[in-house]
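**Q** I'll drop the sequence and a predicted model, then ask my questions.
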Amino acid sequence: MSTQAAVPEAMHWSTENCTISRTMEILGEKWTFHVLREVFVGVRRFEDIRARANIPRQVLTDRLTALIDRGLLRREAYRIPGQRERYEYRLTQAGLDLYPVMVALVQWGDQYLPMDAGPPLLPEHRGCGERVEVVLRCEGGHTPTPREVAFRPGPGATPREVS
């Protein structure tokens, strides 16, 4: 019996082009999900987002700019009579496709960081009113547990250079 531990397969592959790293460059800043949360629940105007999320003005400006530049939000002009033109922030398809991520965060938080009074947000299906949850499902239709899912090198994987 060998006393050396087996080297995990992942050690043979580079993380230079990691999807998670590229994604976190966009989503990894604390305020990003606060801004997205507001837009997901229908709060679309700058001052409304700022007030509800309690986010500093410059931070909100920076986050909105970054989310627009990365294609998650788009600006839509509106004007209240007698006032200057302003903008609402709307989700693009890329932004909408983050919805399962947001639901998964809520689901995880409700399970592991529960509040005595119960969840402050309930994701519900508009069509039937039932609660929505995120589940893992493979293309074969199975619902594996996390321990039954393996990340394998894909076509964009590159071997790791060992120094």
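**A** Okay, I see it. Since the structure is predicted, the reported quantities are computational estimates derived from the model, not experimental observations.
**Q** where in the chain is pLDDT low?
**A** 1-4 (pLDDT under 70).
**Q** quick one: the strands in it?
**A** 73-79, 85-91 (DSSP state E).
**Q** distance to Val135 for those strands - can I get that in JSON lines?
**A** C-beta here means a position set from N, CA and C on the backbone, and glycine is covered the same way. Shown next, in JSON lines, are the strands of the chain (distance: least, Cβ to Cβ, whole Å):
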{"stretch": "strand 73-79", "distance to Val135": "27"}
{"stretch": "strand 85-91", "distance to Val135": "23"}
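**Q** need the winner for burial among those strands.
**A** strand 85-91 (a mean of 15; mean count of other Cβ atoms under 10 Å).
**Q** check the offset of that strand from the chain's centre.
**A** 20 Å (Cα atoms, centre = their mean, to the nearest Å).
**Q** give me the neighbour count for Val35.
**A** Using other Cβ atoms under 10 Å, the number of residues around Val35 comes to 24.
**Q** residue contacts, it?
**A** The contact partners of Val35, by Cβ atoms under 8 Å, 6 or more residues apart in numbering, come to 49, 53, 55, 60, 63-64, 67.
**Q** could you do His34 as well?
**A** 53, 55.
**Q** can you report how many residues lie near Gly140?
**A** For Gly140, using other Cβ under 10 Å, the count is 6.
**Q** separation between it and Glu47?
**A** 48 Å (Cβ to Cβ, to the nearest Å).
**Q** again, but for Trp108
**A** From Trp108 over to Glu47 (counting by Cβ to Cβ), the distance is 31 Å.
**Q** go on, Lys30?
**A** In terms of Cβ to Cβ, Lys30 sits 21 Å off from Glu47.
**Q** can you check Asn54 too?
**A** 12 Å.
**Q** can you give me the helices for this structure?
**A** Applying DSSP state H to the chain gives helices spanning 19-27, 30-40, 46-53, 57-69, 93-96, 99-112.
**Q** closest one to Arg126 among the strands of the chain?
**A** strand 85-91 (15.9 Å; Cβ to Cβ).
**Q** what is the closest one packed up against?
**A** helix 30-40, helix 46-53, helix 57-69, strand 73-79 (3 or more Cβ pairs under 8 Å, 6 or more residues apart in numbering; DSSP states H and E).
**Q** now the first one: how far from the chain's centre is it?
**A** Here helix 30-40 is found 9 Å from its chain centre; the criterion is Cα atoms, centre = their mean.
**Q** of Asn54 and Glu47, who's got more company?
**A** Set side by side, Asn54 and Glu47 show more neighbours around Glu47, with 11 against 7, by other Cβ under 10 Å.
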